[in-house]
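Q: Below: sequence and its predicted model.
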Amino acid sequence: MKNILITGGHGQLGQSLKKAGEAYPQFNLVFTDATELDITDNAALATYFGANQIDACINCAAYTAVDKAESDEETAFLLNFQAVLALAEVCAQHHTQLIHISTDYVFSGKQNVPYTEEDDTDPQSIYGASKLRGEAAAVGYNPDTIVVRTSWLYSEYAVNFVKRMQELMREREELSVVFDQAGTPTYAGDLATALLDILQYKANHPDATLGGIYHYSNEGVTSWYDFAVTIKELTAATTRVLPVTSDKYKTAAARPAYSVLNKEKIKTTFGIQIPYWRDSLVKCLRRM
Ligand SMILES: NC(=O)C1=CN([C@@H]2O[C@H](COP(=O)(O)OP(=O)(O)OC[C@H]3O[C@@H](n4cnc5c(N)ncnc54)[C@H](OP(=O)(O)O)[C@@H]3O)[C@@H](O)[C@H]2O)C=CC1
Ligand SMILES: Cc1cn([C@H]2C[C@H](O)[C@@H](COP(=O)(O)OP(=O)(O)O[C@H]3O[C@@H](C)C(=O)[C@@H](O)[C@H]3O)O2)c(=O)[nH]c1=O
């Protein structure tokens, strides 16, 4: 039995891993959040890893409030960079496989073909910059660390765009949503399964060199506006959804205009099959 620690385990991806983990009885998944294991507390990390045999750790803890991060840079970097470095150190010390999650917001969005793992990064926000430092620290400290960049995560859990849209569609007759930011929504349940598949692959190939960055999102491309319209259609909401450009929907943080991820590397390395974004949205809405 492999012991897998999920830090930030009560967040959206953490809860999705709990559900997905039911299909992986070979893994003993242990979920902690800030109250049980604060990843910004180096002494707590040392004590926890000293007292428990942890074979792998999936770090789902993060500062994910993109707009708030613009005025709270210190906390964003503490959680998304310094704590990730500390986690990479303690994992290396205890021979624990670390999987860390990063974001499409590390890219500028100026490209018009899907971003590969080798493409230049240039974050446009504090959140993106803090996540970029975190992924560099994790792989830089220990090249065996696996970093999975994902995009536009949603699920039946916690706070996310799908749940926010459903709320707003109940409350309002009209909504404006940006159509000049393209990307790919990712159902956290699919990502959770992919992460557990990666751990299973690692267990089957203990000597394989797998460290580095991988991209994972659902298949396809859309805009936030088209995503909102699809949510409206699938939930039979009657709200009018209007397309607007980003200059008409002011936010504290800038978002990339295009952040579609190329997923060839994760598919060919681990043999992972990825569902189309709309099919996964249907699946998630059914589960809600
Ligand atoms: N959400 C998205 O759209 C996307 C997310 N990602 C990345 O995916 C990962 C998972 O995101 P998601 O599940 O949506 O995020 P959530 O915000 O839902 O979850 C983050 C979790 O981290 C916990 N946490 C906060 N501070 C600490 C701490 N000091 N120690 C331990 N845990 C802490 C939070 O607890 P509490 O709530 O109590 O603060 C929360 O449970 C993150 O790395 C994120 O950057 C990437 C692309 C898209
Ligand atoms: C709620 C709302 C948002 N928007 C816009 C704002 C923004 O440009 C876009 C997305 O909105 P949100 O602020 O909900 O999503 P945002 O927080 O930008 O989502 C991001 O979260 C982080 C954690 C990531 O890593 C990214 O991959 C991405 O998922 O839609 C509208 O146009 N109309 C609306 O009514």
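A: Looks like it came in fine. Numbering: from 1, shown residues only. Ligands and ions are numbered 1, 2, ... in the order given.

Q: Return the residues of the protein in contact with ligand 1.
A: Contacts of the chain with ligand 1, taken as C-beta under 6 Å from any ligand atom, map to 7-8, 10-13, 33-34, 38-40, 60-62, 64, 79, 101, 103, 131, 150-153, 158. Heads up, the C-betas are built off the backbone N, CA and C, glycines and all.

Q: interface residues of the stretch 101-250 of the chain facing ligand 2?
A: Near ligand 2, when you scan the stretch 101-250 of the chain using C-beta under 6 Å from any ligand atom, you find 103-105, 151-153, 161, 164, 168, 175-178, 181, 224, 249.

Q: Buried only: go through these for me.
A: 103-105, 151-153, 161, 168, 175-178, 181, 224 (16 or more other C-beta atoms under 10 Å).

Q: For Phe27, state which of those residues is nearest.
A: Leu153 (21.3 Å; C-beta to C-beta).

Q: mind listing what that closest one touches?
A: Gln12, Leu13, Asn160, Pro185, Thr186, Ala188, Leu191 (C-beta atoms under 8 Å, 6 or more residues apart in numbering).

Q: how close does it get to Tyr187?
A: 8 Å (C-beta to C-beta, to the nearest Å).

Q: circling back to that earlier point, most neighbours among the contacts of Leu153, which one is it?
A: The member of these that has the most neighbours, counting by other C-beta atoms under 10 Å, is Leu13 with 29 neighbours.

Q: ok, and the closest non-adjacent residue to that residue?
A: Cys60 (4.4 Å; C-beta to C-beta, 6 or more residues apart in numbering).

Q: so the one you found makes contact with Lys18?
A: No. Cys60 is beyond contact range of Lys18, at 10.6 Å (criterion: C-beta atoms under 8 Å).

Q: between these two, which one's more packed in?
A: Cys60 (27 against 16).

Q: For the residue of the stretch 151-288 of the chain found nearest ligand 1, report the pLDDT, please.
A: Of all residues in the stretch 151-288 of the chain, the one sitting closest to ligand 1 is Leu153 (3.5 Å; C-beta to the nearest ligand atom). Leu153 carries a pLDDT value of 98.
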